[in-house]
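1. the amino acid sequence is not available; the structure is as follows:
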């Protein structure tokens, strides 16, 4: 395998023969790196960490280090990263803690732009985009296809639903609804369905219109959330996406952004 002579690789690490370890990288014990994954230069990986196939880690990214949570006492915890992810410069990914299930996980086909921070016990799905300097607090969950704009902070224990888009410089302190277009100005608000993103991903027009109607009832009808859900069930055509939106709201522990 191509390992640069300046790299330091613990003999207990398991690295696929087709993986590439660039100059001045450090790979600790109990790190597993899959085929064709590339560490460009000055990348630091600490175990237990498993990394899948065809990932690219840009310089100065840091993966699997101990949590900043003051409750973390050195318990054995891990980091799991899937396939075909692009991890850009100065991204920090921390391993899990006892209080959050001991695992931080990132799925496949994600883009984490420069200076993104993924805190302990965060779970990121597939095909997400986290723009520059996004900060995910501990225990955050990000659903598939979500896009989070630059310099956005997501409070610990919040959920970001599938196919949601969050505008840059937002402050997220409650759950972000799936399929929504959510922006923080003076206060964070939902501005309807993520119409452009859903259409680009092949959602049928009828589904997008049903979601748009549901969001109008949630955000513009002056109904409380329970009343809005009743109206959605009574008036909006039933689709799996509308069902997902309603169940997401019902499962929220922090409340949702409207």
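-> Ah, there it is. Everything numeric in this text was worked out from a predicted model, so none of it was measured. Numbering: from 1, shown residues only.

2. adjacent strands (with direction) for the lowest-mean-pLDDT helix or strand in the chain?
-> In the chain, the helix or strand scored least confidently by mean pLDDT, DSSP states H and E is strand 188-193, which has a mean of 80. Using DSSP bridges, the strands paired with strand 188-193 are strand 180-184 (antiparallel).

3. roughly how far out does the least confident helix or strand of the chain sit from the chain middle?
-> 19 Å (C-alpha atoms, centre = their mean, to the nearest Å).

4. go on, stretch 240-251?
-> Centroid separation for stretch 240-251 versus its chain: 19 Å, with C-alpha atoms, centre = their mean.

5. then stretch 73-81?
-> Computed by C-alpha atoms, centre = their mean, the chain-centroid distance of stretch 73-81 equals 18 Å.

6. what's the span of it from first residue to last?
-> 23 Å (C-alpha to C-alpha, to the nearest Å).

7. how about stretch 139-152?
-> End-to-end span of stretch 139-152 (C-alpha to C-alpha): 16 Å.

8. circling back: following the chain onward from the least confident helix or strand of the chain, which element is next?
-> As assigned by DSSP states H and E, the chain's next helix or strand after strand 188-193 is helix 195-200.

9. give the contact list for residue 195.
-> Listed by C-beta atoms under 8 Å, 6 or more residues apart in numbering, the contact set of residue 195 reads 181, 208, 212. No exception for glycine: its C-beta is placed from N, CA and C like everyone else's.

10. wait, isn't the first one in contact with residue 198?
-> To tie it back to what came earlier, the one meant is residue 181. No - using C-beta atoms under 8 Å, residue 181 is not in contact with residue 198, being 9.7 Å away.

11. what do these two both touch?
-> Counting by C-beta under 8 Å, 6+ apart, no residue touches both residue 181 and residue 198.

12. where does the prediction get shaky in the stretch 101-250 of the chain?
-> Filtered on pLDDT under 70, the stretch 101-250 of the chain yields the residue ranges 185-187.

13. how about residue 120, phi and psi?
-> The phi and psi values for residue 120, taken as degrees, to the nearest 10, are phi -60, psi 140.

14. cool, residue 167 as well?
-> Dihedral angles of residue 167 (phi, psi; degrees, to the nearest 10) stand at phi -70, psi 160.

15. same deal with the one 4 residues further on?
-> Here is the backbone geometry of residue 171 (degrees, to the nearest 10): phi -120, psi 110.

16. could you do residue 142 as well?
-> Residue torsions, per degrees, to the nearest 10, at residue 142 are phi -120, psi 120.

17. wait, it sits on residue 129?
-> No - using C-beta under 8 Å, residue 142 makes no contact with residue 129, being 10.2 Å away.

18. so the two - more neighbours on which side?
-> residue 142 (29 against 16; other C-beta atoms under 10 Å).
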